[in-house]
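**Q** Need a 3D model of the following:
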Amino acid sequence: MKRTICILLVILTLTPVVLRAQEANSVALPSWAVGFHVGVGGMVPTGSLADDVKACALFDGGLDVDYNRLKLKLDVAYGQPSFKNDNPYAVYDSQGRNLQLNATANPTLLGFGAQLGYTVWQQGRVSVTPMVGMAVGRLSWDINHIKYEQDDEGIERPKIDNVTGTHENDFGWIASVDVDIKLHGKLVDVPVAGDRQAHYISTLRISPFVTHARISNFNPSVKGCCVGFTISYAGLLRTLK
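**A** So this is what the prediction gives:
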């Protein structure tokens with residue numbers, strides 16, 4: 001009788017431990033995950049780039065693909081930095097007068113990035129993932145073409161002859177560090193996978209970054225790094241085995 005009671009006590013003691021281990025393994029096993037992120041931030045240009053372009057706020061969003069600790073992140077960023085230089089192409093007449101002036105005070109900046117990273121630290125609700133990849137930027141604005149005409153008093157004054165749109169593209173590198181703070185997680189049904197379920201995880205993501213940019217067509221050409229950060233909400237759907 002005593003032996004039977006001891007066996008039952010051992011079974012009752014070990015059963016919760018085994019069940020918790022099985023549940024943990026169902027989530028921690030190697031699996032794919034897909035998700036999204038959306039947030040806001042800002043950037044500050046450095047180097048000679050800062051002579052022509054000011055800092056600006058950023059709106060950022062994109063897609064995430066994970067496999068275990070390996071991460072792929074695709075980004076689209078939007079901002080409107082201001083110009084410091086009214087005539088970045090340095091177009092003057094023989095008397096040194098401006099023949100071009102920016103018609104748009106705040107040009108449109110679109111940035112596209114693709115980064116690959118690996119989670120080097122994960123403890124509790126926090127994980128840290130350094131990332132590196134390539135970035136493409138496009139700066140678009142309008143330019144006033146100036147001509148000079150004499151007024152009734154015989155004084156030459158500037159006049160807008162026409163307005164044309166222009167843009168500058170840049171291809172460079174980008175590096176960032178994603179600090180993810182888990183907010184909550186839950187099991188959800190995946191209709192396309194029959195009766196399978198997935199683990200949905202939402203996180204607060206803080207991402208400091210640095211990206212290199214160069215505008216060769218400006219006179220003189222400018223280059224430098226844009227340093228900034230984004231704060232995003234990220235949602236990730238991880239498959240269970």
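
**Q** what residues does stretch 209-226 touch?
**A** Stretch 209-226 is contacted by residues 43-53, 85, 88-90, 111, 113, 135, 137, 139, 168, 170, 172-177, 227-230 when judged by C-beta atoms under 8 Å, 6 or more residues apart in numbering. In this view, the C-beta of every residue, glycine as well, is placed from N, C-alpha and C.

**Q** So what would you say the end-to-end distance of that stretch is?
**A** 8 Å (C-alpha to C-alpha, to the nearest Å).

**Q** in that stretch, what's buried?
**A** 209, 211, 212, 213, 214, 215, 218, 222, 223, 224, 225, 226 (16 or more other C-beta atoms under 10 Å).

**Q** Can you tell me which of these lies closest to residue 80?
**A** Proximity of those to residue 80 (C-beta to C-beta) peaks at residue 226, which lies at 14.0 Å.

**Q** next SSE after the lengthiest strand in the chain?
**A** Determined from DSSP state E, the single longest strand within the chain is strand 156-189. Later in the chain than strand 156-189, the nearest helix or strand by DSSP states H and E is strand 197-215.

**Q** residues in contact with residue 104?
**A** Contacts of residue 104 by C-beta under 8 Å, 6+ apart are 141, 142.

**Q** isn't there a strand covering it?
**A** No - remark: residue 104 does not belong to a strand; assigned using DSSP: H, G, I helix; E, B strand; the rest coil, it is coil.

**Q** where does it land on pLDDT?
**A** Per-residue pLDDT puts residue 104 at 93.

**Q** Relative to residue 82, how far out is it?
**A** Counting by C-beta to C-beta, to the nearest Å, the gap from residue 104 to residue 82 is 10 Å.

**Q** How about residue 95?
**A** Separation of residue 95 from residue 82 (C-beta to C-beta): 28 Å.

**Q** the more surrounded of the two?
**A** Neighbour count, other C-beta atoms under 10 Å: between residue 95 and residue 82, residue 82 has more, with 13 against 7.
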